[in-house]
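K.L.:
Can you look at this prediction? I've put the sequence above it.
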Amino acid sequence: MSKGIPKRSEDYSAWYNEIVKRAGLAENSPVRGCMIIKPYGFAIWEKMQKALDDMFKATGHQNAYFPLFVPKSFLEKEEEHAEGFAKECAVVTHYRLKVNPDGKGLIVDDNSELEEPLIIRPTSETVIWNAYRNWIQSWRDLPILINQWGNVVRWEMRTRLFLRTSEFLWQEGHTAHATEQEAIEETERMLGVYSTFAEDWMALPVVQGLKTETERFAGAVETYCIEALMQDGKALQAGTSHFLGQNFAKVFDVKFVNQDNEQTYPWATSWGLSTRMVGALIMAHSDDNGLVLPPKLAPIQVVIVPIYRDDADLPKIAEKVGPIVKELEDRGISVKFDDDDKYKPGWKFAEYELKGVPVRLGIGMRDLENGTIEVARRDELSKETRPMEGIADHIEGLLEEIQQSLYDRALAFREENTFSVDNWDDFKAQIEKGGFVAAHWDGTVETEAKIKEETKATIRLIPLNSIEETGECVYTRNPSAKRVIFARAY
RNA sequence: CGGGGUGUAGCGCAGCCUGGUAGCGCGCACCGUUCGGGACGGUGAGGCCGGAGGUUCAAAUCCUCUCACCCCGACCA
């Protein structure tokens, strides 16, 4: 049993913070709003990166790197984009400090003011499209399929580890295409990649859809997103993919000659997914005993804890464990044999539970005599004693089972917490209770704003697969063609 | 920026109201016994009580000012 983690049911927010700290994922930094990602947390992010990067490569993308600094004039070019990000930009105005002549410390050297301020990128559309001007001449240069792994800064008023930090790590894909159709297909393809990642790797069921005008990315023609439901009934945007039309091509004067020898603007997309997903992972599966990780993203999938009284027994156990470790590793399973004698088994059990290691094996002298091994699974907190014979096969299957089981559980939770609501009183009551609320909406920005004002719920998305169904707007009773998903969100 | 809270040992906290030589738990170091769900005993190290000023014979404690962080809201991935 874990010591001193607040209960999810009593204080979700405190529970979340404790998991992040106690599992060694991240901690606060001296700079407000920024976080220190610790090795274990970063290992999870690296697993995410690897899975995504492979999928990006498999869909024809290449990685590149663009600078951290964006000239202010670049950011200004696309009007909506500029307005959208203006409020949260860190600005570099000087390039030098000097020793304070009046005493100790350093002060900004006034003689080092930049002619043009540099913005620390909140996203990279502008620098990238400025570069694309030189990269794109002919239809033969297209498509350009680039992804970048990096950091961005959005000066947030209020932050939470992983979920919203002023600086965060992410990937941003930026593509250019000859036709509108091709760009839209790319936007949808990458949304599909994100969905697959969320569901197959994170064991997190998501709904795919479109953002409303209000929630759309600043500068996009259309924003697609995936939304997931967290255990406290709040929604979390898990990834976004934008169809940018020709907006950035036009303002950066990027043109190409098409097959009919005409000067044409290319069509753009951009798509991103961030370290916020580590937060999503925690909130989706973890429990009052700590983190619960899906096997596919767990830095350690199997931990083996030796149990012995006499120091002389450890080598005997180790001898038996060696081949098991090898057999598991040969199957691509990451294993840790924790033979550290500074901690005792009970402590280790609790520790690996806190860290969400999917499978724990316990092996002691009793097992050596009986040819058995104890197998414990983190998701169900259950354990059983099994024959050592064929244990690798069993574990391989068990990891798959756990991965699937976490997904099934999360899906069942989402289904139990998705409600169709048709009148305003029910709507308000349900939003208060939490969950996804599917309701009719008259399609106007005004109604959306009023609903948000009165209930704090926003339209998370207009689902892609929603069935056409005529109805009346839950707020205005005006006609509506389909339901949209409302929720309170992170 | 509003509202609430907290700064005392590495971590978590008590002490403050009612000023009088800074304490508890965890962790840490060493010794011994332990080891199948966060072991136990013994010994020991560790703190200008967030910062500045004031009141007082005397301030962690009272007063003023400041800084930082956390939580709730407005902004947002």
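P.N.:
Received, thanks.
K.L.:
where exactly do the helices run in the stretch 251-400 of chain A?
P.N.:
Using DSSP state H, counting those that start in this stretch, the helices of the stretch 251-400 of chain A run over A:276-285, A:313-330, A:345-354, A:365-370, A:391-416.
K.L.:
Would you mind finding the most buried of those?
P.N.:
Highest mean neighbour count among the helices of the stretch 251-400 of chain A (mean count of other CB atoms under 10 Å): helix A:276-285, with a mean of 25. The C-beta positions use only the backbone N, C-alpha and C, and glycine is treated the same way.
K.L.:
So that helix, near RNA strand B or not?
P.N.:
Yes - under the criterion of CB under 7 Å from any atom of the strand, RNA strand B is reached by helix A:276-285 at residue A:276.
K.L.:
do the same with stretch A:213-225
P.N.:
Yes - with CB under 7 Å from any atom of the strand as the measure, stretch A:213-225 is seen reaching RNA strand B through A:215, A:217.
K.L.:
Show me which helix or strand of chain A is least confident by mean pLDDT.
P.N.:
strand A:106-108 (a mean of 82; mean pLDDT, DSSP states H and E).
K.L.:
Flag every buried residue along stretch A:138-152.
P.N.:
For stretch A:138-152, the neighbour count (16 or more other CB atoms under 10 Å) marks A:139, A:142, A:143, A:144, A:145, A:146, A:147, A:148, A:152 as buried.
K.L.:
Just the terminal-to-terminal distance for stretch A:291-301.
P.N.:
End-to-end distance for stretch A:291-301, by CA to CA, to the nearest Å: 13 Å.
K.L.:
do stretch A:262-273 as well
P.N.:
Per CA to CA, the first residue of stretch A:262-273 is 36 Å away from its last.
K.L.:
residues of it that come out buried?
P.N.:
Quick answer for stretch A:262-273 (16+ other CB under 10 Å): A:264, A:265, A:266, A:267, A:268, A:269, A:270, A:271, A:272, A:273.
K.L.:
For RNA strand B, see how far away residue A:408 is.
P.N.:
Between residue A:408 and RNA strand B the distance is 22 Å, computed by CB to the nearest atom of the strand, to the nearest Å.
K.L.:
same deal with residue A:335?
P.N.:
17 Å.
K.L.:
Who are the contact partners of that residue?
P.N.:
Neighbouring residues of residue A:335 by CB atoms under 8 Å, 6 or more residues apart in numbering: A:300, A:301, A:302, A:303, A:304, A:324, A:325, A:328, A:329.
K.L.:
do that again at 10 Å, thanks
P.N.:
A:300-304, A:321, A:324-329, A:359, A:361, A:395 (CB atoms under 10 Å, 6 or more residues apart in numbering).
K.L.:
which residues does it bridge with?
P.N.:
residue A:302 (DSSP bridges).
K.L.:
Quick check, the residue in the stretch 351-490 of chain A closest to RNA strand B?
P.N.:
For the stretch 351-490 of chain A and RNA strand B, the shortest gap (CB to the nearest atom of the strand) falls at residue A:364, measuring 2.5 Å.
K.L.:
Any idea how many residues pack against that residue?
P.N.:
Neighbours of residue A:364 under the rule other CB atoms under 10 Å: 18.
K.L.:
now it, nearest residue through space, not along the chain?
P.N.:
Leaving aside its chain neighbours, residue A:364 sits nearest to residue A:307 (3.4 Å; criterion: CB to CB, 6 or more residues apart in numbering).
K.L.:
So the one you found is in contact with residue A:344, correct?
P.N.:
Yes - assessed by CB atoms under 10 Å, residue A:307 is found in contact with residue A:344 at 8.9 Å.
K.L.:
If you count surrounding residues, which of the two has more?
P.N.:
Higher neighbour count among residue A:307 and residue A:344: residue A:307, with 19 against 11, using other CB under 10 Å.
K.L.:
I'd like the distance between that one and residue A:314.
P.N.:
Separation of residue A:307 from residue A:314 (CB to CB, to the nearest Å): 10 Å.
K.L.:
can you check residue A:396 too?
P.N.:
To residue A:314, residue A:396 is 27 Å away according to CB to CB.
K.L.:
Residue A:250 too?
P.N.:
From residue A:250 over to residue A:314 the distance is 69 Å, taken as CB to CB.
K.L.:
where does chain A have low pLDDT?
P.N.:
Residue ranges of chain A with pLDDT under 70: A:1-4, A:103-104.
K.L.:
the domain parsing of it - what is it?
P.N.:
A:12-71+A:124-285, A:302-398, A:418-487 (automatic domain parsing).
K.L.:
hey, which of the ones you listed is tucked in deepest?
P.N.:
Mean neighbour count (mean count of other CB under 10 Å) peaks for domain A:12-71+A:124-285 among the domains of chain A, with a mean of 19.
K.L.:
From the opening residue of it to its closing one, how far?
P.N.:
13 Å.
K.L.:
Show me which residues of the stretch 151-300 of chain A sit near RNA strand B.
P.N.:
Residues of the stretch 151-300 of chain A lying near RNA strand B (CB under 7 Å from any atom of the strand): A:154, A:156-160, A:163-166, A:168, A:215, A:217, A:237, A:240, A:272, A:274-276, A:289.
K.L.:
Just the ones of those in strands?
P.N.:
Under the assignment DSSP state E, these contribute A:168, A:237, A:240, A:272, A:274 to strands.
K.L.:
before we move on, the earlier item: will you turn the helices of the stretch 251-400 of chain A into TSV that also has distance to residue A:117?
P.N.:
TSV is the format used below for the helices of the stretch 251-400 of chain A (distance: least, CB to CB, whole Å):
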stretch	distance to residue A:117
helix A:276-285	28
helix A:313-330	52
helix A:345-354	45
helix A:365-370	66
helix A:391-416	45
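K.L.:
Residue A:23: which of these is closest?
P.N.:
For residue A:23, the closest of these is helix A:345-354, at 5.6 Å, according to CB to CB.
K.L.:
which outside residues touch that closest one?
P.N.:
So helix A:345-354 is contacted by A:1-3, A:5, A:18-19, A:22-24, A:286-287, A:289-292, A:300, A:302-308, A:336, A:338, A:340, A:343, A:357-360, A:362, A:364, A:376, A:378, A:381, A:383 (CB under 10 Å, 6+ apart).
K.L.:
Can that helix be said to contact RNA strand B?
P.N.:
Yes - using CB under 7 Å from any atom of the strand, we find that helix A:345-354 touches RNA strand B at A:345, A:346, A:347, A:349, A:350, A:351, A:353, A:354.
K.L.:
Tell me the one of those residues nearest residue A:411?
P.N.:
So of these, ranked by how close each gets to residue A:411 (CB to CB), first place is residue A:353, at 23.9 Å.
K.L.:
how close does the closest one get to residue A:22?
P.N.:
Distance, residue A:353 to residue A:22, using CB to CB: 11 Å.
K.L.:
where does the residue of chain A positioned farthest from its centre fall, helix, sheet strand or coil?
P.N.:
Farthest-out residue of chain A from its mean C-alpha position, per CA atoms, centre = their mean: residue A:102, at 47.9 Å. Classification of residue A:102 using DSSP: H, G, I helix; E, B strand; the rest coil returns coil.
K.L.:
still on that earlier bit, and which of the buried residues of stretch A:138-152 is nearest residue A:68?
P.N.:
Closest approach between the buried residues of stretch A:138-152 and residue A:68, by CB to CB: residue A:152, at 8.6 Å.
K.L.:
I'd assumed the closest one was in a helix, is it?
P.N.:
No - secondary structure of residue A:152 (three-state DSSP): strand, not part of a helix.
K.L.:
Quick one: residues contacting it.
P.N.:
Taking CB under 10 Å, 6+ apart, we find residue A:152 in contact with A:68, A:120-124, A:166-170, A:172, A:272, A:274.
K.L.:
What of residue A:89?
P.N.:
By CB under 10 Å, 6+ apart, the contact set of residue A:89 is A:70, A:72, A:75, A:82, A:117, A:119, A:120, A:121, A:122, A:153, A:154, A:155.
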